[in-house]
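> Okay, here's the prediction I keep looking at, along with the sequence it came from:
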Amino acid sequence: MLSASQCRAARALLDWSQPELAERCDIHVQTISNFEKGNSTPSRTTLEKIVHTFEVNSVILIDDEGVKKNKNVITVLEGADANKQFLNNLYHDLRGKKGSEVLLSGVKQLPKGSKERQMIDEHVARLQEEGITERVILCEGDTDFIGPTSWYRWIPEQYFSFAPFQLYDDKLALKNLQQNHIFVIENPVFAKAFRHLFNFVWDHCKTPTGVKKSP
């Protein structure tokens, strides 16, 4: 599935350190170090995480233990940690790019205190620390504002569907969170088209008033 030499080569292609790869994959850095040194082989599940992380960032495995950069690709993330893996990649892609923006639509309230809610709270906090902003389209009446209220707009309920998409740079993620499937498309044409569509809807949505950010 993935050899130690391919792992090293893929990191070099992306200019990632072992700690960065480990953080993106949500695994211990020693696991990466031991694997690349040939001291141990990670579990199949861990190897799949590493491969998916490379694929989301447009690096694919080829014959003879090679790797290559591949643009305009579609990657599928699956499993209970699919969204966490995607958000980790998003954060690392934008880290250091102050002023970057993430567009998000089709999300809904998460129970406060839940594991998923805690993950989103932490994700939004680290974006803010990096000077990265979001614009989020919510169903009208949804007051679950994790970020500043200026980040949010309301779309009428009859036009809202719980089918999130998330957009940054040239990456568009279509999310089926009920089945833990995320389709990541890296393509400047699609990204531009969805960005224009999002901006049109944003400009015609309601600005929430009289609402305070959730504690």
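Structure's in. What do you need?
> Could you list the domains of the protein?
4-69, 74-204 (automatic domain parsing).
> JSON lines for the ones you listed, including mean neighbour count?
The C-beta positions use only the backbone N, C-alpha and C, and glycine is treated the same way. Supplementary listing: these in JSON lines, determined by neighbours: other CB atoms under 10 Å:
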{"stretch": "domain 4-69", "mean neighbour count": "16"}
{"stretch": "domain 74-204", "mean neighbour count": "16"}
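> Reformat the ones you listed as JSON lines; add mean pLDDT.
JSON lines is the format used below for the domains of the chain (pLDDT from 0 to 100):
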{"stretch": "domain 4-69", "mean pLDDT": "91"}
{"stretch": "domain 74-204", "mean pLDDT": "92"}
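> Show me where the chain has its strands.
Here the chain has its strands, by DSSP state E, at 59-62, 66-69, 74-78, 101-105, 133-139, 152-155, 165-168, 171-176, 181-186.
> and the lengthiest helix in the chain, what does it pack onto?
Assignment by DSSP state H gives helix 188-204 as the longest helix of the chain. If you count contacts as 3 or more CB pairs under 8 Å, 6 or more residues apart in numbering; DSSP states H and E, helix 188-204 packs onto strand 101-105, strand 133-139, strand 165-168, strand 171-176.
> got the CA positions of the second one in CSV?
What follows is strand 133-139 as a C-alpha-only set of coordinates in CSV (Å, rounded to 0.1, in the frame of the first residue of the first chain):
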residue,chain,number,x,y,z
THR,A,133,-11.8,34.0,8.5
GLU,A,134,-14.9,32.1,7.4
ARG,A,135,-18.2,33.0,5.8
VAL,A,136,-21.0,30.6,6.7
ILE,A,137,-24.5,30.2,5.3
LEU,A,138,-26.9,28.8,7.9
CYS,A,139,-30.6,28.0,7.9
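> What score does Val211 have for pLDDT?
In this model, Val211 is scored at 65, pLDDT.
> still on that earlier bit, out of the helices and strands packed on helix 188-204, flag the one nearest Asp64.
Proximity to Asp64 (CB to CB) singles out strand 171-176 among those, at 28.8 Å.
> Direction-wise, compare that closest one with strand 101-105 and give the angle.
Between the axes of strand 171-176 and strand 101-105, defined by axes from the mean of the first three to the mean of the last three CA atoms, to 10 degrees, the angle is 30 degrees.
> Which strands and helices lie in contact with strand 171-176?
For strand 171-176, the packing partners by 3+ CB pairs under 8 Å, 6+ apart come out as helix 82-94, strand 165-168, strand 181-186, helix 188-204.
> Mind doing that once more with 6 Å?
Here strand 171-176 touches strand 181-186, helix 188-204, going by 3 or more CB pairs under 6 Å, 6 or more residues apart in numbering; DSSP states H and E.
> could I get those as a markdown table with distance to Asn34?
Formatted as a markdown table, the helices and strands packed on strand 171-176 follow (distance: least, CB to CB, whole Å):
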| stretch | distance to Asn34 |
| --- | --- |
| strand 181-186 | 28 |
| helix 188-204 | 37 |
